[in-house]
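A.B. asks: Have a look; sequence and predicted model below, questions after that.
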Amino acid sequence: MQTVAVLSLKGGVGKTTVVLGLASAAMRRGVRTLVVDLDPQCNATAALEPGDTSRGLSDVLADPTSDRLRDAVAPSAWGDGVDVLVGSEDSEVHNGRVNGSDPLNGLTEALSALDTLITDGDLPYQLVLLDCPPSLGRLTRSALVAADRALLVTEPTIFAVSGVQRAFEAVQAERTENNPRLQPLGVVVNRIRPRSHEHQFRIDELREIFGPLVMPVALPDRLAVQQAQGACVPIHQWGTPGAREVALGFNLLLARALRAGRSRPSADDDADEDEELEHG
């Protein structure tokens, strides 16, 4: 099982759009996926339209048992293969001080019980997508402690570039302090307008900062994304030329995420990657 935290420390860059696009690509490919909605705005939950649950994310973090996890997970309205650990507005309380000796491990403990949700004939979850809030509170840090990989989302604007730099620093800090297996999956640039000189300048700037971590595929700015989300339909099923263009990008991102899950880096690989990043 590959667990990917999707984050940005600047709001409005399309972080949830990337989570939904990856879930859509995974469903198309037959990869069973769980979307964990950590953002108190609950946009991923709204777009996936899961059935009613008696619990939500806040309940699971307060008491990360298999029973509470089972009560908070529901199938999405998209169809078989994508489930949701439903978000809750009151999960914001977990961004502050939490009682307990190790409050960042609640999500990790909950996800360790995912196998208990599998019934006879069901496939286990192959991909878990953690939709983080756009801030570096305990919700985002809990996601980084639970994740194998971190996917950083940005737009080609000056403030978004600054936000992704801070997000990368947070990933590196969490890796050092709490989760040595955590690796950056990459930086994906969203809402690109190919003819914009400003956008191309910012992409070049990102490549100077992050080098090969910048994904070779950028996601174009297409109205179809908002249309599909408003209709609560996977982007792969929207069927317009713009939707097909964006869906292809998500297919490539998913392939990279799944490849990363099959090739865990060694300690030597980690050291080489750190040296490469330090030298640009």
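C.D. replies: Arrived safely, thanks for sending.

A.B. asks: so residue 229 touches residue 20, yeah?
C.D. replies: Yes: taking Cβ atoms under 8 Å as the contact criterion, residue 229 and residue 20 are neighbours in contact, 6.6 Å apart. For every residue, glycine as well, the C-beta is placed using N, CA and C.

A.B. asks: ok, these two, which is more surrounded?
C.D. replies: More crowded of residue 229 and residue 20, by other Cβ atoms under 10 Å: residue 20, with 29 against 21.

A.B. asks: Report the residue spans of the chain with pLDDT below the cut-off.
C.D. replies: Scanning the chain for pLDDT under 70 picks out 96-103, 120-121, 263-280.

A.B. asks: Where is the longest helix in it?
C.D. replies: The residue-count maximum for a helix in the chain (DSSP state H) belongs to helix 241-262.

A.B. asks: Show me what that helix is packed against.
C.D. replies: Where contact means 3 or more Cβ pairs under 8 Å, 6 or more residues apart in numbering; DSSP states H and E, helix 241-262 is packed against strand 2-7, helix 15-29, strand 127-131, strand 149-154, strand 183-189, helix 223-230.

A.B. asks: Go again with 6 Å.
C.D. replies: helix 15-29, helix 223-230 (3 or more Cβ pairs under 6 Å, 6 or more residues apart in numbering; DSSP states H and E).

A.B. asks: Next secondary structure element downstream of the first one?
C.D. replies: Secondary structure here is assigned by DSSP states H and E; on that basis, the next helix or strand after helix 15-29 toward the C-terminus is strand 33-37.

A.B. asks: which residues are in contact with that following strand?
C.D. replies: 23, 26, 44-45, 82-85, 87, 125, 127-131 (Cβ atoms under 6 Å, 6 or more residues apart in numbering).

A.B. asks: Need the max-distance pair from those.
C.D. replies: Using Cβ to Cβ, those span at most 19.0 Å, a distance reached by 26 and 87.

A.B. asks: hang on, the earlier thing: pull out the buried positions in the longest helix of the chain.
C.D. replies: Counting neighbours by 16 or more other Cβ atoms under 10 Å, one finds that the buried residues in helix 241-262 are 242-243, 246-247, 249-251, 253-254, 256-258, 260-261.

A.B. asks: and the angle for that helix with strand 33-37?
C.D. replies: 100 degrees (axes from the mean of the first three to the mean of the last three Cα atoms, to 10 degrees).

A.B. asks: next one: helix 241-262 to chain centre, how far?
C.D. replies: What separates the centre of helix 241-262 from the centre of its chain is 13 Å, taken as Cα atoms, centre = their mean, to the nearest Å.

A.B. asks: Could the C-alpha coordinates of it be exported in CSV?
C.D. replies: Below are the C-alpha coordinates for helix 241-262, written out as CSV (Å, rounded to 0.1, in the frame of the first residue of the first chain):
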residue,chain,number,x,y,z
PRO,A,241,-11.3,17.5,-24.9
GLY,A,242,-10.2,19.6,-21.9
ALA,A,243,-11.0,16.8,-19.5
ARG,A,244,-9.1,14.3,-21.6
GLU,A,245,-6.1,16.5,-21.6
VAL,A,246,-6.1,16.9,-17.8
ALA,A,247,-6.9,13.2,-17.3
LEU,A,248,-3.8,12.2,-19.2
GLY,A,249,-1.7,14.3,-16.8
PHE,A,250,-3.2,12.5,-13.9
ASN,A,251,-2.5,9.2,-15.5
LEU,A,252,1.2,10.1,-15.6
LEU,A,253,1.2,11.3,-12.0
LEU,A,254,-0.5,8.1,-10.8
ALA,A,255,2.1,6.0,-12.7
ARG,A,256,4.9,7.9,-10.9
ALA,A,257,3.3,7.4,-7.5
LEU,A,258,2.8,3.7,-8.1
ARG,A,259,6.4,3.2,-9.3
ALA,A,260,7.6,5.0,-6.2
GLY,A,261,5.7,2.5,-4.1
ARG,A,262,7.4,-0.4,-5.8
